[in-house]
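*Asks:* pasting the sequence and the predicted model now:
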Amino acid sequence: MKPPSSPIGIGGPGGPGGPGGPGGPGRNIAPKVRPKNTYATIKRLWSYLGRQRTGMLLATLLTLLGSVVGLVGPYLMGKAVDDYIIPHDYGGLVRLCLFMLGFYVLGNIVSWVQSYVMTGVSGRTVQELRHDVFDRYQALPLPFFDSRSHGELMSRATNDIENVSNSLNQSVIQMLTSIITLIGSLIMMLRLNLALTGVSMVCIPLMWIATKKIAELSRTNFKGQQQALGALNGFIEETVSGQNTVKAFRREAAAVRQFQAINRNLNQAGIKAQIVSGMVGPVMNVVNNLSFALIAAVGGWMALHDWTTIGVIVSLLTYSKQFNRPINELANQYNMVQSAIAGAERVFEVLDTDTEFEEQRDTHILDAVKGEVVFSEVTFGYNRERPILKHVSFAAKPGDKIALVGPTGAGKTTIVNLLTRFYDIDAGSITIDGVDIRQVDKNHLRGKLGMVLQDAYVFSGSIRENIRYGRLQATDEEIEAAAKLANADSFITKLPQGYDTLLTSEGSNLSHGQRQLLTIARTILADPAILILDEATSSIDTRTEMHILDAMRTLMKGRTSFVIAHRLSTIQDADRIIFIRDGEIAEQGTHRQLLEAGGLYYELFTSQFQRVV
Ligand SMILES: Nc1ncnc2c1ncn2[C@@H]1O[C@H](COP(=O)(O)OP(=O)(O)OP(=O)(O)O)[C@@H](O)[C@H]1O
């Protein structure tokens with residue numbers, strides 16, 4: 001059986017995953033990707049921001065105030081020239097300067113408060129977004145995880161959201177400020193001098209075209225950068241979790257080489273994105289200076305003809321800078337927003353994928369489960385074109401022990417994957433107590449099933465918490481009773497902190513056998529009606545193995561059990577042994593019947609028996 005791809009709340013620790021890897025078939029759940037639509041993405045992001053109405057309103061008001069303060073400055077400057085400098089009124093000039101100073105201080109205080117408010121708004125927004133993504137990860141079916149690297153999924157929940165956060169934090173208010181300043185400056189300029197305002201507008205089409213072109217290019221590059229980052233995270237995650245294998249096969253150097261290539265890729269993608277987005281500033285500067293020079297030249301010529309005053313030119317030059325700066329900033333912000341949109345698109349892609357629990361038809365609830373399980377004519381393939389199970393039929397009476405045997409890759413794990421509805425069948429039916437499981441709510445169904453997997457998964461937390469995972473309401477006494485039944489109590493009580501011993505998520509401070517005993521205790525606590533057991537094949541010492549087998553026997557008492565058996569010595573008492581080969585039932589019967597038949601089971605049994613002898 002394969003290790004679980006991700007923990008899913010069933011009696012046992014998680015569900016069996018399987019191979020797949022990037023580009024895997026991901027059959028039932030091709031992510032429903034909406035067509036890329038920037039407007040729709042912004043609207044959706046905006047709807048998240050909209051949940052923080054009070055904060056947004058306050059930030060907007062403060063922005064308005066800050067921008068107005070900024071707009072008055074240049075007007076006062078022109079006044080200083082015309083009313084005080086040219087007429088040599090130094091007393092008036094000092095008073096005006098002090099007034100201007102107060103005004104600028106006020107402006108800065110307002111902008112500080114505004115950024116404080118906005119940080120809170122964007123922080124809470126991103127927190128909600130992160131929550132939604134994690135929530136969705138819990139609800140997505142296994143095929144979704146089959147086709148993506150875990151690092152890449154982590155990247156979406158962290159880096160991409162971080163990107164959105166940064167942009168929200170800086171861009172939203174900045175853009176608002178820019179728009180207000182833009183409109184305000186234009187009004188002030190028009191009031192001061194119509195002709196000179198016209199001159200300052202000459203360069204705007206140039207700015208518009210340059211901004212648009214650069215933004216388009218940088219958006220593609222930002223997306224490339226985020227994809228490269230996802231790939232890098234995926235590789236790190238894989239290499240760190242597979243360190244044993246990397247070391248055992250002395251692949252450290254190869255891993256480093258491969259990492260270098262991915263790292264280089266990310267670096268190049270990052271440089272490309274930065275170079276393109278960095279072009280905005282210099283291009284805008286050139287255009288800005290051009291417009292500045294034009295106003296100075298035309299304004300100077302007009303002043304010589306007494307058509308305007310020096311003060312008006314000073315004000316207009318400052319306003320034109322103020323007018324161009326927001327255009328410039330809007331261009332920069334637009335770039336940032338592109339990066340946020342690229343991140344948001346990747347996040348929304350996850351949020352738009354159908355979960356396991358969206359279908360309305362599977363609402364049936366199983367009452368007290370007796371445990372009659374019937375597979376009839378079940379056909380299934382992870383990829384529809386390549387069926388793995390073909391017309392599989394068998395029945396288990398309540399309390400039966402069913403052993404699934406057969407060569408590796410035959411489809412044993414797939415059978416239990418279908419029973420748990422990690423995947424849904426293509427044809428035929430599976431019933432529990434006569435009810436088709438496709439009509440049963442998945443969560444409810446999994447609550448009736450318990451799994452003990454070969455790859456016993458433990459979470460970071462205490463031993464007690466790990467056992468309680470089987471039933472969250474269980475008392476400490478119930479936990480200890482379950483541990484006793486699972487033969488785990490004796491090793492737990494020998495640990496210095498006993499049940500409070502902290503485990504790491506990989507459970508590396510426990511032996512494999514001990515971890516397995518813990519998961520058995522967890523499943524005993526969950527008290528499922530139907531059991532799925534994957535027998536350990538790894539070399540657990542004989543004493544621990546005896547403990548495990550004994551605990552499993554306790555667990556199976558009175559429950560319908562499916563045992564994926566690797567060593568035939570442990571399943572001779574099974575009510576039925578099903579031999580799977582190439583996704584079909586090759587033989588089924590009791591141990592005695594199959595030995596008498598002298599077929600595949602007989603061959604496998606004698607070969608194992610001879611090896612033992
Ligand atoms: N998630 C998956 N996506 C695509 N193919 C898969 C997936 N899981 C299993 N398979 C394929 O399905 C086939 C049956 O696999 P399965 O895990 O059921 O075999 P098994 O009998 O349990 O083998 P083993 O004894 O080695 O655990 C194999 O060919 C395998 O490659």
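*Replies:* It's in.

*Asks:* packing partners of the helix or strand where V94 lies?
*Replies:* Element membership for V94 (DSSP states H and E) is helix 90-139. Judged by 3 or more Cβ pairs under 8 Å, 6 or more residues apart in numbering; DSSP states H and E, the packing partners of helix 90-139 are helix 38-50, helix 53-79, helix 161-192, helix 310-351. For the C-beta atoms, the positions are set from N, CA and C on the backbone; glycine is no exception.

*Asks:* and the next helix or strand past it?
*Replies:* helix 142-146.

*Asks:* mean confidence score for that next one?
*Replies:* Confidence for helix 142-146, expressed as mean pLDDT, is 82.

*Asks:* now do stretch 594-609
*Replies:* In this model, stretch 594-609 has an average pLDDT of 85.

*Asks:* OK, contacts around the residue nearest to A296 when sequence neighbours are not counted?
*Replies:* In this structure, A296 finds its nearest non-sequential neighbour in L317, 6.6 Å apart by Cβ to Cβ, 6 or more residues apart in numbering. For L317, the residues meeting the contact criterion (Cβ atoms under 8 Å, 6 or more residues apart in numbering) are 292, 295-296, 299.

*Asks:* A helix includes M552, no?
*Replies:* Yes: counting by DSSP: H, G, I helix; E, B strand; the rest coil, M552 is located in a helix.

*Asks:* interface residues of the stretch 301-450 of the chain facing the ligand?
*Replies:* By Cβ under 6 Å from any ligand atom, the residues of the stretch 301-450 of the chain that approach the ligand are 382, 388, 406, 408-414.

*Asks:* again, 8 Å this time
*Replies:* Contact residues, the stretch 301-450 of the chain versus the ligand (Cβ under 8 Å from any ligand atom): 382-383, 388, 404, 406-415, 417, 423.

*Asks:* any of those buried? List them.
*Replies:* Buried by 16 or more other Cβ atoms under 10 Å: 382, 388, 404, 406, 410-415, 417, 423, out of those.

*Asks:* which members of those are the farthest-apart pair?
*Replies:* Put simply, by Cβ to Cβ the two of these set farthest apart are G406 and Y423, 18.9 Å from each other.

*Asks:* in helices, which of the residues of the stretch 301-450 of the chain next to the ligand fall?
*Replies:* When helices are assigned by DSSP state H, the members of these inside them are 412-415, 417.

*Asks:* make JSON lines out of these and add pLDDT.
*Replies:* What follows is these, written out as JSON lines (pLDDT from 0 to 100):
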{"residue": "K412", "pLDDT": "90"}
{"residue": "T413", "pLDDT": "89"}
{"residue": "T414", "pLDDT": "91"}
{"residue": "I415", "pLDDT": "92"}
{"residue": "N417", "pLDDT": "89"}
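
*Asks:* nearest to V452 among these?
*Replies:* After measuring those against V452 - Cβ to Cβ - the closest member comes out as T413, at 13.5 Å.

*Asks:* please verify my assumption that that closest one contacts I564.
*Replies:* Yes: the pair formed by T413 and I564 meets the contact definition of Cβ atoms under 8 Å, at 6.7 Å.

*Asks:* skipping its backbone neighbours, what lies nearest G66 in space?
*Replies:* Nearest to G66 is V110, by Cβ to Cβ, 6+ apart, at 4.3 Å.

*Asks:* tell me which residue is most central in this structure.
*Replies:* Among the residues of the chain, the one closest to the centroid is A157, at 3.5 Å (Cα atoms, centre = their mean).

*Asks:* list the contacts for that residue?
*Replies:* Neighbouring residues of A157 by Cβ under 8 Å, 6+ apart: 130, 133-134, 137, 347.

*Asks:* show me which of those residues are buried.
*Replies:* 130, 133, 137, 347.

*Asks:* format these as TSV; extra columns: pLDDT.
*Replies:* Shown next, in TSV, are the buried ones among the contacts of A157 (pLDDT from 0 to 100):
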residue	pLDDT
R130	89
V133	89
Y137	87
V347	87
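
*Asks:* what is the nearest of the residues you listed to I432?
*Replies:* Using Cβ to Cβ as the measure, the one of these that approaches I432 most closely is Y137, at 27.6 Å.

*Asks:* K321 against S291, yeah?
*Replies:* No: the criterion here is Cβ under 8 Å, and K321 misses it with S291 at 9.1 Å.

*Asks:* these two - which one has more neighbours?
*Replies:* For K321 versus S291, the count of surrounding residues by other Cβ atoms under 10 Å is larger for S291: 22 against 17.

*Asks:* in terms of helices and strands, where is that one?
*Replies:* With elements delineated by DSSP H and E, S291 resides in helix 280-304, which encompasses its position.

*Asks:* same for that helix, what does it pack against?
*Replies:* Helices and strands in packing contact with helix 280-304 are listed as helix 194-201, helix 204-241, helix 310-351; criterion 3+ Cβ pairs under 8 Å, 6+ apart.

*Asks:* which of those helices sits most buried?
*Replies:* Greatest average neighbour count among the helices and strands packed on helix 280-304 goes to helix 310-351 (a mean of 22), per mean count of other Cβ atoms under 10 Å.

*Asks:* strands along the stretch 451-600 of the chain, start to end?
*Replies:* 461-462, 502-503, 530-534, 560-564, 576-581, 584-589 (DSSP state E, counting those that start in this stretch).

*Asks:* redo those as a markdown table? Include mean neighbour count, mean pLDDT and distance to P143.
*Replies:* Putting those into a markdown table (neighbours: other Cβ atoms under 10 Å; pLDDT from 0 to 100; distance: least, Cβ to Cβ, whole Å) gives the following:
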| stretch | mean neighbour count | mean pLDDT | distance to P143 |
| --- | --- | --- | --- |
| strand 461-462 | 15 | 86 | 29 |
| strand 502-503 | 16 | 84 | 30 |
| strand 530-534 | 25 | 87 | 19 |
| strand 560-564 | 25 | 90 | 21 |
| strand 576-581 | 22 | 92 | 22 |
| strand 584-589 | 17 | 91 | 23 |
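
*Asks:* for T220, which of the ones you listed is the nearest?
*Replies:* For those, the distance to T220 is smallest for strand 461-462, at 43.3 Å, taking Cβ to Cβ.

*Asks:* name the residues that touch the closest one?
*Replies:* Residues from elsewhere that reach strand 461-462 (Cβ under 8 Å, 6+ apart): 497, 499-503.

*Asks:* show me what contacts A269?
*Replies:* Contact criterion Cβ under 8 Å, 6+ apart gives 221, 224-225, 227-228 as the residues in contact with A269.

*Asks:* closest one of these to G78?
*Replies:* For the contacts of A269, the closest approach to G78 (Cβ to Cβ) belongs to N221, at 42.5 Å.

*Asks:* you'd agree that closest one is up against K272?
*Replies:* Yes: here N221 lies in contact with K272, judged by Cβ under 8 Å, at a distance of 5.0 Å.
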